[in-house]
Structures are given as structure tokens and as C-alpha cells.
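Enquirer: Okay, sequence plus prediction incoming.
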Amino acid sequence: MAFSGSQAPYLSPVVPFSGTIQGGLQDGFQITVNGAVLSSSGTRFAVDFQTGFSGNDIAFHFNPRFEDGGYVVCNTRQKGRWGPEERKMHMPFQKGMPFDLCFLVQSSDFKVMVNGSLFVQYFHRVPFHRVDTISVNGSVQLSYISFQNPRAVPVQPAFSTMPFSQPVCFPPRPRGRRRKPPSVRPANPAPVTQTVIHKVQSASGQMFSTPAIPPMMYPHPAYLMPFITTIPGGLYPSKSIILSGTVLPSAQRFHINLCSGSHIAFHMNPRFDENAVVRNTQINNSWGSEERSLPQKMPFVRGQSFSVWILCEAHCLKVAVDGQHVFEYYHRLRNLPTINKLEVGGDVQLTHVQT
């Protein structure tokens, strides 16, 4: 089956994990595994690109081992038998620390990036197009596994079909709105690439054209804070944005803004000093009424990593943190394509941005 679009990520999958790679691997395909190495349990973890779920045919076994000073084993398993190991006598991971692990599939090899730097190349021993499953096991906790095929036309699925590790229930629109937050405006733009046109299917099944690009995933060194980049094509129903990072240990506040010109269409402002996540809109430098209610406790924790998923629908934004839906925000600025800038600032360090 030919791959026809960028696959929705697996959010907060429970380890050990095995999941389908829709359409299998192709030349140019990119898979990002984001998580943290557990500090207490185990001395190894592995990411396997394999055929099926049995584990008998693994095209690429990537296996960091915190033993003998630390090293990484790469190998291939065919019909249940391992081939000769390739060892990289260097350990780019640290126990208890988050990581961003990216696998780029090319015609001759896998290129593996760890935290934005090239770590190893592994030349194919079996045809990579046989791979249709990714598995992760060992002493890691995962934030997400995301997929990107720059040569494919991305079609984002409906939020209800995204493979969350736990069921997602969307509560009714919160009605309580309160005070005004302070204005915060970051700087420092990041580069983007050209815009192309693709078709998007709405929730009702109607097809319409919209300007967009394959999801942009920025290299780690680009995350100078505050961080600003464009959202090519702006927002539209089914458009999604993914951000991951770590809250600073002494954090008071940080913010995620979706902007339209000088207006802030969506302001998401976790406040640890108030134990609240404030949402608002600023038009002509004037803040509207706040929304603060949440169906659960504060989803962010000082010193811990997080993953935020923002999905645009026709009437609202749906926001999930670490795979759990936390709120909806109904559009106050309704010209969605003009909402084309992302701003992140405050007491946070980004590790991954996909727009």
C-alpha cells in the first residue's frame, strides 16, 4: 500500500510499545521518538523497525546500553536470527534526561540524529520497504512518536481518530471567563520553507484546498527562546501543531501564542504561581475575557517534559497535553488562514516543534 500522507503521531504510548507505520517506510521518511530515559530501572532500551509484531524480522535494531561506560548496538534480525553487531562506543543519552531521537530513512541507510546531532549511520541489510511496525521497549518513558514524509501530501486526520494511548473525552465548552492576563510578546524568528497546496478533508467529508506544507520539524539548535515561526497557510480545520519541551525547574509562567498580524488569536498561558492555565485573545492590544476552567489538575509540572497538541477545528481549538485532552477554545478571530504565526516564550525550553 502506498503511503499517502503524514501519519498522526502516537502520543504518550506505554512502553513496551508496538505500532503500525502506515504504508511502510519510504526513502525520505522521518520518524521522531521523543521521551526520557528512566533513571532507576534497567540499563537498556531499544527502538526496532520491523516487519509485523513478532520481532522475528527486524530491519534496524537501535539499542543503547548503559553498561561498560555506555555504548549503542545496531543490528538486523532475519527469521529470528541476529546478524553481526555494529557498536558505537559512545553514549549520547543520559539516565533521567529527556531526548529527541530522529531516524531518517534514505536509499542506502538509516541516519540517526540524537538531540539534533548526527549520531550514526546504519546501512540497510534488508529492503527497508518491508518495515511496517515500530517497537520501543526498555527503560524509557515516551512523550510521542511522530512521522513525516516530506515527499508525501499530508492529510491530517480528525482528532477523534488520533492514536492516543488513552481514550480522549472532550468536555463541553467552559463558560466561565474572568480577568485579563498581561501582554507578553517574544522575538527571534526562525526560518521556514516554501508553501505548497494540498487538499484537506473536513469532518463532514467535504474536500477543500488549503495552502500548507508538510509538517515542519525544526532542529534542536533553532529553539532560541523566545521562539517565533510562521504557520505556513495559517490555520484551517484539521490543521495541527505539536510542541514538546521541558518546563524550567523554577518556572513561574510560559506562553504559547497563535497570532494573526498584531492580534493574538489564541494565548495559552500556564501559570505555576497561580496553578492555572489561562486562555485568552488579544485584539488591538486589548485582552478579552479569560478562560481558566480545566476538567483536571494542572497538566504541566516544573522540571518535567511535556508535549502539547493543538488541533484546529471549524469552531474551536482542541488542546491535549501528554496525550490527554484538557480544553477547547472557541475561535474569537474567525479568519483562520490569517492566524499564521506561532510564538513561544517564558520559563520553558523547547525540544520539538511541528507546524
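Expert: Thanks, I have the structure now.
Enquirer: which regions of the stretch 201-350 of the chain sit below the pLDDT cut-off?
Expert: Within the stretch 201-350 of the chain, the ranges that satisfy pLDDT under 70 run 201-222.
Enquirer: Quick check: His325 vs Ser41, distance?
Expert: Separation of His325 from Ser41 (CB to CB, to the nearest Å): 29 Å. Where C-beta positions appear, they are placed from N, C-alpha and C, glycine not excepted.
Enquirer: In terms of pLDDT, where does Thr76 sit?
Expert: Per-residue confidence (pLDDT) for Thr76: 97.
Enquirer: That one is in contact with Phe62, isn't it?
Expert: No: with contacts counted by CB atoms under 8 Å, Thr76 stays clear of Phe62, the gap being 11.0 Å.
Enquirer: Val344: neighbour count?
Expert: By other CB atoms under 10 Å, the residues close to Val344 number 23.
Enquirer: Over to the one 3 residues further on?
Expert: For Asp347, the neighbour count with other CB under 10 Å is 17.
Enquirer: between His325 and Ser41, which one's more packed in?
Expert: Ranked by neighbour count (other CB under 10 Å), His325 and Ser41 place His325 first, with 21 against 9.
Enquirer: Closest to the centroid, which residue in the protein?
Expert: Central residue of the chain (CA atoms, centre = their mean): Ile242, 4.5 Å from the mean position.
Enquirer: name the element Ile145 belongs to?
Expert: strand 140-148 (DSSP states H and E).
Enquirer: Can you list the buried residues in that strand?
Expert: 140, 142-148 (16 or more other CB atoms under 10 Å).
Enquirer: for those residues, which one is nearest Ser107?
Expert: Gln148 (17.2 Å; CB to CB).
Enquirer: ok, back up a step: ok, the residue nearest to the centre of the chain touching Val319?
Expert: No: the criterion here is CB under 8 Å, and Ile242 misses it with Val319 at 11.3 Å.
Enquirer: Touching both of the two, which residues are there?
Expert: 308-310 (CB atoms under 8 Å, 6 or more residues apart in numbering).
Enquirer: Dump those residues into CSV; add neighbour count as well.
Expert: Shown next, in CSV, are the shared contacts of Ile242 and Val319 (neighbours: other CB atoms under 10 Å):
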residue, neighbour count
Val308, 20
Trp309, 27
Ile310, 21
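Enquirer: list the contacts for Asp109?
Expert: By CB under 8 Å, 6+ apart, the neighbours of Asp109 are 121-124.
Enquirer: mind listing what the nearest residue to Ala36 once chain neighbours are set aside touches?
Expert: Excluding its sequence neighbours, the residue lying closest to Ala36 (CB to CB, 6 or more residues apart in numbering) is Pro98, at 4.4 Å. Applying CB under 8 Å, 6+ apart, we find Pro98 in contact with 34-36, 143, 246, 305, 351.
Enquirer: and Asp100, how many neighbours?
Expert: 19.
Enquirer: Phi and psi next, for it.
Expert: phi -130, psi 110 (degrees, to the nearest 10).
Enquirer: who's it bridged to?
Expert: Here Asp100 sits in beta bridges with Asn34, going by DSSP bridges.
Enquirer: Now do it against Cys312, distance only.
Expert: 25 Å.
Enquirer: same thing with Arg130?
Expert: Arg130 is 36 Å from Cys312, by CB to CB.
Enquirer: who's more crowded, the two?
Expert: Set Arg130 next to Cys312 and count neighbours by other CB under 10 Å: Cys312 wins out with 24 against 14.
Enquirer: partners of that one in the sheet?
Expert: Leu317.
Enquirer: Which segments of the chain make up each domain?
Expert: The record's domain parsing of the chain by automatic domain parsing lists 10-148, 159-354.
Enquirer: Give me the distance between the two termini of the shortest one.
Expert: Between the start and the finish of domain 10-148 there is a gap of 13 Å, counting by CA to CA, to the nearest Å.
Enquirer: Same question for stretch 73-92.
Expert: 13 Å.
Enquirer: Now do the buried residues in it.
Expert: Residues 73-77, 88, 91-92 are the ones in stretch 73-92 that count as buried (16+ other CB under 10 Å).
Enquirer: now Ile264: how far from Gly345?
Expert: Separation of Ile264 from Gly345 (CB to CB) stands at 12 Å.
Enquirer: more neighbours, those two?
Expert: Ile264 (25 against 19).
Enquirer: nearest spatial neighbour of that one, skipping sequence neighbours?
Expert: Gln282 (4.1 Å).
Enquirer: swap in Gln296?
Expert: Nearest to Gln296 is Val326, by CB to CB, 6+ apart, at 7.0 Å.
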